[in-house]
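Asker: here's my sequence, what's the structure:
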Amino acid sequence: MCRPCLEGTTLTPFELVLRSMRTNMKQDYLYFFALIFSTTLYFVFAALQHDSSMVAAAFGDVQFALFLRVSGILLLTLVVIFMIYANSIFLKRRSREIGLYQLSGLTRRQVVMLLMMENVLLGMGALLIGIGVGALVSRLFLLILMKLIRIESVVSLSFSTSAASQTVIAFALLIGITLVQICVKIYCTTLFELLQADRKGDHPQRPTAVRSIWTGALSLVLIATGYLLSSITPDQGLLLHMLIILSSTILGTYLLFRVTIGWLFYRIRRRMNGQLGLKNSLSLAPLMHRMRANASSLTLITVLSAVTLTMVSVAYSLYYSAEHESRAMLPFDFIFENHEEVALDFGTQLEKAGIQFIYHPLEGVRLTDIIDTGKEERKLLLLAAEQLRTSGVNVDIPEQGEAVWYRGQRTTWGKERSHEAFLQPIELGVGEDSIRINVVRSMDRYAMNFNVNGIQLVVREVMLKDILAQMTDTLRREDVRIDTYQITAKDDRAAASDLYMRKFQTTPFKQDFNSYYQASIQKFGLIMFVAGFLALIFLIATGSILYFKQMTEAEEERNSYRILRQLGFGEREILGGIIRKQLFVFAIPLAIGLVHSSFAVRAASAWTSSDITMPAAMAMSVYTIIYFVFAILTVGYYRRVVKLAM
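Answerer: Numbers count the residues shown, from 1 in each chain. Down below sits the predicted model:
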């Protein structure tokens with residue numbers, strides 16, 4: 001291999017690689033950090049996935065390993081997108097350097113080998129550091145997960161060779177993808193194109209008014225269509241429905257950046273008669289020049305921001321509302337159906353344990369052969385509203401002859417559509433003595449624990465007695481006595497639940513509130529854990545892409561800053577225009593992403609009966625604050641470029 005001579009010194013290929021890495025690390029440190037962070041998270045996910053003792057201790061029959069495996073694939077997919085995009089930016093920025101290597105006598109194959117060595121060394125360094133850091137912080141991540149799911153068991157986590165091997169294989173494939181990019185760049189680009197790459201620009205063309213108006217209108221229509229469809233729940237074809245929403249929103253966003261925003265900037269410039277001034281020349285003009293070229297990257301950043309915000313908001317909202325959702329499913333802590341002696345014995349045991357409680361027996365009736373949907377026969381469970389209120393359940397007392405259907409949590413999957421058949425008058429008995437019940441409305445919660453058989457209708461106590469008197473056919477009627485317990489202090493629920501499961505499991509066993517709530521916390525805690533760390537990767541990817549793009553633009557504009565400084569403009573004046581530009585660059589994708597995620601969160605709120613506005617707002621606020629840290633880093637880089645421009 002030929003050895004380039006720099007300043008009279010002959011460098012070996014390895015020395016040349018090390019010198020290039022030291023020079024570029026000043027600019028590529030954030031990329032290196034993102035690789036290390038991604039490797040660390042992937043190793044942690046793989047370590048948790050391969051630790052069977054932890055899975056058994058924490059989750060039991062929950063498909064924990066499968067969930068983490070899927071999350072690891074999602075993380076890896078994002079890292080692939082990030083590395084491909086970042087590597088393309090770096091190769092474009094180093095095009096002139098690659099061209100100079102060829103001018104100095106190196107063949108394309110030799111240049112490819114140099115860049116491959118550099119990428120492999122950089123990747124291996126990030127991989128080793130990432131696995132090392134992952135091994136050190138795995139226990140910390142595990143403690144965070146245990147805290148989220150509220151399990152206090154001491155679980156050890158040792159170094160996993162399987163996780164390390166999985167991580168090495170995954171990131172070796174990623175490095176291989178970047179090597180393919182290098183080969184394509186060098187072998188498919190002429191020397192002239194390499195040397196002129198930093199002088200190319202996307203010069204603004206005067207947009208056609210008619211075309212811009214129609215394209216702008218189309219972009220808004222596509223986005224509005226996505227928003228509208230997100231508020232509609234299809235009876236079937238949910239996957240196709242979601243794909244249409246995503247396609248419409250993404251295409252509309254791309255057209256918005258490609259044409260609409262650029263056209264608006266052009267109109268602003270025209271209103272100023274081209275007299276932009278210094279700040280607008282440093283902010284508005286560069287955006288106009290590069291908006292068309294940056295449309296794809298800005299669309300990607302906007303979509304990733306929207307996905308991240310939606311994912312974190314929904315995950316945090318589900319975790320935040322777990323207790324409220326559990327109470328909507330199980331209004332009572334413990335129930336005993338037609339087991340009066342066992343129920344009274346349970347109360348005695350609670351008293352011996354010093355656990356305070358509220359006890360109420362309830363009467364009801366279960367009717368069969370009353371409603372037939374054509375697919376299955378459904379039983380009715382009639383409960384007295386006055387008795388439920390006395391026991392502490394907040395229910396409406398209907399008018400005489402009316403009933404309220406407590407159907408449980410609403411669903412977005414369209415499976416409850418057939419239940420609308422129950423919102424119809426029900427005739428009990430025959431002849432003049434028949435009783436008619438008008439089901440006037442439904443509630444998205446239960447009046448009695450969900451695991452009690454029968455569609456729950458709440459009626460007046462007087463009507464319940466009339467029904468008992470009228471329905472004398474024991475084949476169609478089953479009298480029900482439900483003994484209910486509410487534990488007064490939250491801290492005593494776990495002890496009461498343990499006592500209940502050890503000594504008072506009835507047949508069939510009725511799950512108590514605390515067990516159901518803990519299972520929900522485990523499920524949603526795991527979702528929140530994974531969503532939180534995936535969100536960090538998404539955030540670093542989107543912020544880094546913007547940072548790399550702006551860093552490249554800063555280098556391209558270095559000569560312009562030098563000319564401005566020579567004309568007498570100060571550093572503060574130039575930075576004023578640069579800061580305004582960064583507000584545009586970072587704020588526009590974030591603002592559109594916030595709007596997208598707001599509609600997505602609104603659609604996802606159908607999964608829960610709780611108000612998720614506050615947790616969603618908190619998640620969006622934290623994301624926005626961290627996101628603008630990259631804007632501050634970008635301004636800092638521009639400051640150094642401007643300062644060194646003289």
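Asker: okay, now the domains of the protein?
Answerer: 1-200, 331-511 (automatic domain parsing).
Asker: now for those domains, which one comes closest to Leu534?
Answerer: Checking the domains of the chain against Leu534 by CB to CB gives domain 1-200 as the closest, at 6.1 Å. Glycine gets a C-beta too; all of them are placed from N, C-alpha and C.
Asker: I'd guess Glu478 is in a helix, am I close?
Answerer: No - under DSSP: H, G, I helix; E, B strand; the rest coil, Glu478 sits outside any helix and is assigned strand.
Asker: how much space between it and Ser391?
Answerer: Using CB to CB, to the nearest Å, Glu478 is found at 21 Å from Ser391.
Asker: identify the residues contacting the residue nearest to Tyr101 when sequence neighbours are not counted.
Answerer: The spatial neighbour of Tyr101 that comes closest, neighbours along the chain excluded (CB to CB, 6 or more residues apart in numbering), is Val111 at 4.8 Å. Residues in contact with Val111 (CB atoms under 8 Å, 6 or more residues apart in numbering) are 98, 101-102, 186.
Asker: among those residues, which are located in helices?
Answerer: In this view, the contacts of Val111 that belong to helices under DSSP state H are 98, 101-102, 186.
Asker: now the buried members of the residues you listed.
Answerer: Buried members of these, scored by 16 or more other CB atoms under 10 Å, are 98, 101-102, 186.
Asker: can I get those residues in CSV with distance to Gly216 and pLDDT?
Answerer: Below are these laid out as CSV (distance: CB to CB, whole Å; pLDDT from 0 to 100):
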residue, distance to Gly216, pLDDT
Ile98, 39, 83
Tyr101, 45, 80
Gln102, 44, 83
Ile186, 40, 86
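Asker: Asn438 should be in a strand, yeah?
Answerer: Yes - counting by three-state DSSP, Asn438 is located in a strand.
Asker: what count of nearby residues applies to it?
Answerer: For Asn438, the tally of surrounding residues (other CB atoms under 10 Å) stands at 13.
Asker: wait, it touches Val404, no?
Answerer: No - taking contacts as CB atoms under 8 Å, Asn438 lies outside contact range of Val404: 10.4 Å.
Asker: extract the CA atoms of the lengthiest strand in the chain and return them as CSV.
Answerer: When the chain is parsed with DSSP state E, its longest strand is strand 357-372. What follows is strand 357-372, C-alpha atoms only, in CSV (Å, rounded to 0.1, in the frame of the first residue of the first chain):
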residue,chain,number,x,y,z
PHE,A,357,-62.3,-3.7,57.2
ILE,A,358,-65.8,-2.8,56.0
TYR,A,359,-68.2,-5.7,55.5
HIS,A,360,-71.5,-5.7,53.6
PRO,A,361,-73.6,-8.6,52.3
LEU,A,362,-75.4,-8.0,49.0
GLU,A,363,-78.4,-9.8,47.5
GLY,A,364,-78.9,-10.3,43.8
VAL,A,365,-80.4,-12.6,41.2
ARG,A,366,-78.9,-14.3,38.2
LEU,A,367,-81.3,-15.0,35.3
THR,A,368,-80.7,-17.3,32.3
ASP,A,369,-82.4,-17.7,28.9
ILE,A,370,-83.2,-14.0,29.0
ILE,A,371,-80.9,-12.7,26.2
ASP,A,372,-79.7,-14.6,23.2
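Asker: pairing partners for that strand, with directions?
Answerer: Counting by DSSP bridges, the strands paired with strand 357-372 are strand 377-384 (antiparallel), strand 477-487 (antiparallel).
Asker: the host helix or strand of Arg502 packs against which elements?
Answerer: Secondary structure from DSSP states H and E places Arg502 in helix 493-503. Judged by 3 or more CB pairs under 8 Å, 6 or more residues apart in numbering; DSSP states H and E, helix 493-503 is in contact with helix 340-352, strand 477-487, helix 513-556.
Asker: related to what we said a few turns ago, compare the domains of the chain and say which comes out lowest on pLDDT.
Answerer: When these are compared by mean pLDDT, domain 1-200 comes last with a mean of 76.
Asker: gap between that one and the chain center?
Answerer: A distance of 24 Å separates the centroid of the chain from that of domain 1-200, by CA atoms, centre = their mean, to the nearest Å.
Asker: now swap in stretch 488-505 and tell me
Answerer: With CA atoms, centre = their mean as the basis, stretch 488-505 stands 35 Å off its chain's centre.
Asker: contact partners of it?
Answerer: Stretch 488-505 is contacted by residues 333-334, 336, 342, 345-346, 349-350, 353, 355-358, 485, 487, 512-515 when judged by CB under 8 Å, 6+ apart.
Asker: which among the residues you listed end up buried?
Answerer: Among the contacts of stretch 488-505, the ones that count as buried by 16+ other CB under 10 Å are 333-334, 336, 346, 350, 355, 357, 485, 487, 512-515.
Asker: nearest residue to Val365 in space, please, no chain neighbours.
Answerer: Closest to Val365 by CB to CB, 6+ apart is Leu382, at 5.0 Å.
Asker: ok, the one you found touching Leu362?
Answerer: No - in this structure Leu382 lies outside contact range of Leu362 using CB under 8 Å: 11.3 Å.
Asker: and those two? which has more neighbours close in?
Answerer: A count of neighbours by other CB under 10 Å puts Leu382 above the other of Leu382 and Leu362, at 27 against 21.
Asker: beta-bridge partners for that one, please?
Answerer: With DSSP bridges as the rule, Leu382 is bridged to Val365, Leu457.
Asker: quick one: contacts for it?
Answerer: By CB under 8 Å, 6+ apart, the residues touching Leu382 are 364-367, 403, 457-459, 464, 467.
Asker: how about Ser305?
Answerer: Contacts of Ser305 by CB under 8 Å, 6+ apart are 538, 542, 589-590, 593-594, 596-597, 623, 627.
Asker: ok, and the most crowded of those?
Answerer: The residue in these with the most neighbours, by other CB under 10 Å, is Thr542 (28 neighbours).
Asker: show me the contacts for it.
Answerer: 300-301, 304-305, 308, 589, 627.
Asker: span of stretch 454-463 from start to end?
Answerer: Terminal residues of stretch 454-463 lie 18 Å apart, using CA to CA, to the nearest Å.
Asker: which parts of it are buried?
Answerer: For stretch 454-463, the neighbour count (16+ other CB under 10 Å) marks 454-460, 463 as buried.
Asker: same check, this time on stretch 334-341
Answerer: Buried residues in stretch 334-341, defined by neighbour count with 16+ other CB under 10 Å: 334-337, 339.
Asker: put the alpha carbons of it into PDB.
Answerer: What follows is stretch 334-341, C-alpha atoms only, in PDB (Å, rounded to 0.1, in the frame of the first residue of the first chain):
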ATOM      1  CA  PHE A 334     -62.700  -9.400  48.400                       C
ATOM      2  CA  ILE A 335     -66.000 -11.100  47.600                       C
ATOM      3  CA  PHE A 336     -67.500 -14.500  48.400                       C
ATOM      4  CA  GLU A 337     -70.400 -15.700  46.300                       C
ATOM      5  CA  ASN A 338     -72.800 -18.000  48.100                       C
ATOM      6  CA  HIS A 339     -70.200 -18.900  50.700                       C
ATOM      7  CA  GLU A 340     -71.600 -17.200  53.700                       C
ATOM      8  CA  GLU A 341     -69.800 -19.300  56.300                       C
END
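Asker: that stretch: how far from the chain's middle?
Answerer: Centre-to-centre, stretch 334-341 and its host chain are 42 Å apart (CA atoms, centre = their mean).
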